[in-house]
Structure formats: structure tokens, C-alpha cells
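J.: sequence and predicted structure are below.
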Amino acid sequence: MMAFSSVFQTGKQTTKAFEAYGRILSRLLSTSGHVAVEVTQPDNKSSRLEALRQEIANDADATLDHFVTVDGMNADRPVRKKAPPRSSKILPKPKWLKSAPADSENYQKLRSTVRELGLATVCEEARCPNIGECWGGGEDHTATATIMIMGDTCTRGCRFCSVKTSRAPPPLDPEEPYKVATAIANWGLDYVVLTSVDRDDLEDQGSDHFRQVIQQLKIKKPELLVEALTPDFQGQTKLIEAVATSGLDVYAHNMETVERLTPRVRDRRANYRQSLNVLSFVKSLDTGCLTKTSIMLGLSENDDDVRQTLEDLRSIDVDVVTFGQYLQPTKKHLPVQEYVTPEKFQEWQTEAEGMGFTYVASGPLVRSSYKAGEFFLKNYLREKKRDQQEAAS
């Protein structure tokens with residue numbers, strides 16, 4: 001009986017399949033009055049074929065129907081049902097989430113320099129939708145770029161971020177401070193944002209390396225405005241101070257999301273209160289640099305959550321806050337829970353400005369460093385002019 005099944009399956013079925021067909025065939029022959037014949041599993045293909053020939057000779061009246069049906073009924077044949085369609089958790093993107101194409105001459109120039117010097121940018125690593133506009137300079141031709149230093153591999157694994165992760169990333173490049181300063185000088189940027197991966201594997205977590213990059217930039221181009229978007233350095237104040245006193249213009253550290261969602265969104269080593277403490281400590285150093293943070297919307301936060309975060313930030317005198325839409329970088333990351341409308345972003349901008357923040361940028365495509373040159377420089381120059389007028393009067 002098992003040998004008979006091998007003919008229909010051309011000898012490719014597994015032993016389990018043979019045994020299953022044998023059991024069905026035994027029931028069929030018993031029902032039709034035939035005498036069941038004991039079959040042992042042949043050792044090879046030729047012996048199975050010989051057993052088949054003998055079986056057919058002993059039961060010449062058997063037809064294909066005997067092995068398929070019994071009295072016109074299916075003999076325990078499994079019925080395959082089409083699986084129901086999966087419910088998609090991916091929300092379709094709304095029409096307002098459109099970004100400029102990355103094809104301008106300035107974009108190509110920046111991209112070429114990044115490749116030649118072996119630099120990493122968060123614009124590329126984090127798949128930022130605004131890379132074409134920021135690198136291209138936009139309508140005002142003010143190009144901005146966000147350089148990611150200390151490598152492209154992070155020791156943490158936040159659920160919203162597409163940067164590579166590892167417990168033991170490659171060692172730091174001691175030539176990186178010079179490479180970055182050279183690249184910025186060649187680009188002719190007005191404003192640069194430096195960010196980095198977390199390097200929990202290093203004793204100083206890369207704080208001295210960060211400081212050296214900033215100092216080299218200021219040596220190469222003193223008028224360049226430098227923003228440092230930093231890790232939390234595990235809240236160690238000596239490491240934070242090393243970066244904050246390096247000569248930068250803006251010290252940025254992102255809250256990322258509201259307190260209630262922080263455990264689900266960020267790596268377990270990052271927490272809401274620790275991030276607040278980083279920004280508070282920088283402000284206490286009185287270096288003259290602005291403090292800045294960013295909040296993603298669309299992760300199921302509610303108005304009370306966002307409002308409480310803004311109040312917490314104002315209580316430690318944070319100067320700049322930005323709001324942007326969270327966009328899922330890959331299917332492995334947190335899904336978007338809501339696409340917040342441009343009108344809602346405008347409401348948050350109005351409310352934050354009313355709370356006393358020096359500058360607020362809010363919109364679906366706004367990122368912490370999105371068009372930083374435009375957003376910061378215009379406000380910076382306005383504030384500077386106001387101070388000069390007050391001093392003259």
C-alpha cells in the first residue's frame with residue numbers, strides 16, 4: 001500500500017506521507033471487501049516497484065477510484081482553505097507628507113564629499129525624508145547637513161531608529177575630527193549639526209571625541225554655527241560638560257517622546273527624567289549656548305502628554321523645541337499610530353510659543369535638524385539685533 005503511493009508521488013514523498021496513504025488505503029480495501037495485504041517498507045526504489053507490481057497483480061479489479069473515494073465519498077482528504085487576508089497595521093501616508101526630490105547640484109556635491117571622506121550622516125542612516133531639501137539648500141540656498149560622528153553603529157536599540165546596533169561597535173577613527181572639519185570647510189555650510197551614535201562601550205562614551213570635532217570645526221571656520229545633538233552620556237555630568245564647553249552654539253538632546261511612552265519607544269538605558277537632567281545641567285553651566293530638544297508625534301501620545309512635556313521643558317528653561325511626525329523607517333520598527341495633521345502641528349507651535357520658548361519649529365516633516373539653518377539663523381539674528389537695540393538705548 002505504501003509502495004502504491006510512491007507511484008503517484010514519483011518517489012518524492014516523505015515516510016510520513018507513505019504511512020498516511022497506507023492507512024487510508026487499508027480503510028478503503030476493508031470497506032470494499034478486499035483483503036488487506038501486509039506491506040513492509042522496501043529498502044530501495046526497485047523493491048518498492050516490485051512490491052507494487054505484485055500488489056496490482058493480486059488485486060486486478062482495483063481502480064483509481066478505490067484509492068480516492070469510498071462509495072462516492074471523500075476518504076478523509078484534508079480540505080485546504082484560503083487564509084483570510086491579513087489586517088495591515090501600516091497606515092497609508094497622507095498627501096501632506098511629500099518631500100523635495102534629492103537631485104540638486106548641491107545635494108550631489110555634498111553626497112560626493114561624504115563618500116570621499118568616509119563620513120556618516122544621520123540624514124542617510126536614519127532615512128530622513130528631507131535630505132533633498134536640506135542638502136540642496138532649499139529656496140533660501142542655506143544648506144544644512146547633519147554629520148553623524150563616532151561611527152554608524154550604536155550600542156543602543158531604540159524602536160523608532162534605523163541606525164545599526166551592536167554591543168561592540170568598531171573603534172573610533174582618530175582622524176575623524178580633521179576629516180569632518182575639512183568636509184564642512186569644503187561644503188561652505190552656514191550651519192552644521194553634529195550628532196552621534198551612543199557609545200556605551202567606551203569609558204568616556206565618546207565625549208572627548210565629540211569635543212575635539214567641535215573644536216576643529218571652530219578652528220577651520222570660526223563663523224560657522226555648530227549644533228551638537230548629543231546622547232545622554234548616561235547622565236554623567238563630567239561627560240556632558242566636556243561637550244557643552246567646547247564652543248558650540250546649540251546643545252541639543254532629544255526627549256523623543258512623552259514620558260508615558262518612553263519605555264516602549266526608547267532603549268531601556270534611556271529615560272525621560274535622565275534626558276531632562278541633561279538639558280537642565282547644560283543650562284546651569286551658563287555657557288551662553290541655547291538648549292534644544294525634539295518631540296515626535298504620532299506614537300499614540302495625547303494632548304495632556306504633550307502639554308506636560310512642554311511644561312517640564314519650560315521648567316528647566318529649554319530654549320528651542322521642535323515637533324515632527326514619526327515615520328516608521330522599516331517594518332521592524334514601531335508602526336505609526338496616527339498621522340498628525342498640519343493644523344494640529346500649528347496648534348502645538350502656537351501653544352509652545354505662548355509658553356515662552358525662544359523658538360519653536362512644528363510640522364509633519366520637521367526634524368530636530370530639519371532646515372536648522374533657516375529655523376535657527378533667522379531667529380538668532382532677530383534676537384541678536386533686538387539685544388543690540390536694547391543696549392544702544
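T.: On my side now, so go ahead. Numbering: from 1, shown residues only.
J.: just checking, Glu301 touches Val258?
T.: Yes - counting by CB atoms under 8 Å, Glu301 touches Val258, with 4.7 Å between them. For every residue, glycine as well, the C-beta is placed using N, CA and C.
J.: on the three-state scheme, the closest residue in space to Leu261 that isn't next to it in sequence is what?
T.: Using CB to CB, 6 or more residues apart in numbering and skipping residues adjacent in sequence, the residue nearest Leu261 is Leu299, 5.6 Å away. Following DSSP: H, G, I helix; E, B strand; the rest coil, we place Leu299 in the coil state.
J.: so what touches stretch 255-264?
T.: With contact meaning CB atoms under 8 Å, 6 or more residues apart in numbering, stretch 255-264 is reached by 158-160, 265-266, 270-273, 275-276, 293-296, 299-301, 305-306, 308-309, 312-313, 334.
J.: buried residues in that stretch, which are they?
T.: Using 16 or more other CB atoms under 10 Å as the burial criterion, the residues of stretch 255-264 that qualify are 255-262.
J.: Leu285: which of those residues is nearest?
T.: Nearest to Leu285 out of these is Met255 (CB to CB; 19.5 Å).
J.: could you check how far that closest one is from Thr322?
T.: Met255 is 11 Å from Thr322, where distance means CB to CB, to the nearest Å.
J.: same deal with Lys238?
T.: Between Lys238 and Thr322 the computed distance is 28 Å (CB to CB).
J.: related to what we said a few turns ago, okay but the residue nearest to Leu261 is in contact with Gln337, surely?
T.: Yes - Leu299 is in contact with Gln337 according to CB under 8 Å; the separation is 5.7 Å.
J.: looking at these two, which is more packed in?
T.: Between Leu299 and Gln337, Leu299 has the larger neighbour count (other CB atoms under 10 Å), namely 22 against 16.
J.: helices along the stretch 201-350 of the chain, start to end?
T.: Applying DSSP state H, counting those that start in this stretch to the stretch 201-350 of the chain gives helices spanning 207-220, 237-244, 262-265, 272-284, 303-315, 342-354.
J.: distance to Thr230 added to those, as JSON lines?
T.: Shown next, in JSON lines, are these (distance: least, CB to CB, whole Å):
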{"stretch": "helix 207-220", "distance to Thr230": "7"}
{"stretch": "helix 237-244", "distance to Thr230": "6"}
{"stretch": "helix 262-265", "distance to Thr230": "18"}
{"stretch": "helix 272-284", "distance to Thr230": "8"}
{"stretch": "helix 303-315", "distance to Thr230": "16"}
{"stretch": "helix 342-354", "distance to Thr230": "22"}
